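Asks: Test case, fold it:
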Amino acid sequence: MGKGAQLKKAFKAAFPHTIPIFAGFWFLGMTYGIYMNVSGFSFWYPMLMSLTIFAGSVEFVAVNLLLGAFNPLQALVMTLMINARHLFYGISMLDRYRGNGWKDIYLIFGMCDESFSINYTAEIPEGVDRGWFLFFVTLLNHFYWFFGATFGGIFGSLIHFNMEGLDFVMTAMFVVIFLEQWLKEKNHASAFVGLGVSLLCRIAFGAEDFIIPSMLAILGVLTLLRKPLEKGGEKACE
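Replies: Numbers count the residues shown, from 1 in each chain. This next block holds a predicted model:
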């Protein structure tokens, strides 16, 4: 089989897996692009950020970081905390990502929640190159987000209408993520820890400076309570 036929076969096998991702990424990416425009940024910002960062939650947070005072330490800590789960994704994908040559570099860069889910669980058809299948899944999902963010940035700059309250989309997104985790878990101890610690840090440090202390405190408390929480989760599943 020629190289072109091999690539075409891998693309055809990967594309159907990414169709559900397209709808979500296109809409959310477009919202992000419009949000950037409403915040005073040209469409070049969401276009380049979606291309080079490719981390939806961080890109939404980056809007406030760009608008606020220069604080690289805060940006670093917040990015690490938000995307810390990717450390575990990477460990899970060590075997699958091994031996794909230069494609491994892009696979590592482009691994998001959705690409991880597909590449980790998908059964690659016989005769399809594994490396190219993983590559096209990652590339297509990356393109969906990039396309949505760029289109949203251009759309928001061309058409002017009342978008008051659109900046709440980031808050709404994290609320939805929290609720999804709440519904999945039978033991809500970790959620209560997060809420309680955040409230205490809000009172202690104020609205402007409580985020980083609360995230560090949550990480520390959950680390200390890891074994009791794991035992509680096992009992809840029985």
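
Asks: For residue 94, see how far away the closest residue to residue 124 other than its chain neighbours is.
Replies: Among residues not flanking residue 124 along the chain, residue 133 sits closest, at 5.1 Å (C-beta to C-beta, 6 or more residues apart in numbering). All C-beta atoms are positioned from the backbone trio N, CA, C, and that covers glycine. Remark: distance between residue 133 and residue 94 (C-beta to C-beta, to the nearest Å) = 17 Å.

Asks: and if you look at residue 24?
Replies: 27 Å.

Asks: of these two, who's got more company?
Replies: Here residue 24 and residue 94 are set side by side on neighbour count (other C-beta atoms under 10 Å), and the busier one is residue 24, at 15 against 8.

Asks: Find the helix or strand that the more buried one is a member of.
Replies: Residue 24 is located in helix 3-38, with elements delineated by DSSP states H and E.

Asks: Remind me what that helix packs against, helices and strands.
Replies: In terms of contacts (3 or more C-beta pairs under 8 Å, 6 or more residues apart in numbering; DSSP states H and E), helix 3-38 is packed against helix 44-52, helix 56-67, helix 113-121, helix 130-158, helix 169-184.

Asks: Reformat those as CSV; add mean neighbour count, distance to residue 201 and mean pLDDT.
Replies: Conversion of the helices and strands packed on helix 3-38 to CSV gives the following (neighbours: other C-beta atoms under 10 Å; distance: least, C-beta to C-beta, whole Å; pLDDT from 0 to 100):
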stretch, mean neighbour count, distance to residue 201, mean pLDDT
helix 44-52, 19, 28, 93
helix 56-67, 18, 17, 86
helix 113-121, 18, 27, 85
helix 130-158, 22, 32, 92
helix 169-184, 12, 16, 66
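
Asks: Dump the ones you listed to CSV, plus distance to residue 81.
Replies: Converted to CSV, the helices and strands packed on helix 3-38 look like this (distance: least, C-beta to C-beta, whole Å):
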stretch, distance to residue 81
helix 44-52, 19
helix 56-67, 10
helix 113-121, 16
helix 130-158, 21
helix 169-184, 12
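
Asks: Among those helices, which comes closest to residue 90?
Replies: Nearest to residue 90 among the helices and strands packed on helix 3-38 is helix 113-121 (9.0 Å), distances taken as C-beta to C-beta.

Asks: what angle separates that closest one from helix 130-158?
Replies: For helix 113-121 against helix 130-158, the angle by axes from the mean of the first three to the mean of the last three C-alpha atoms, to 10 degrees is 160 degrees.

Asks: could you measure residue 144 against residue 17, distance?
Replies: 12 Å.
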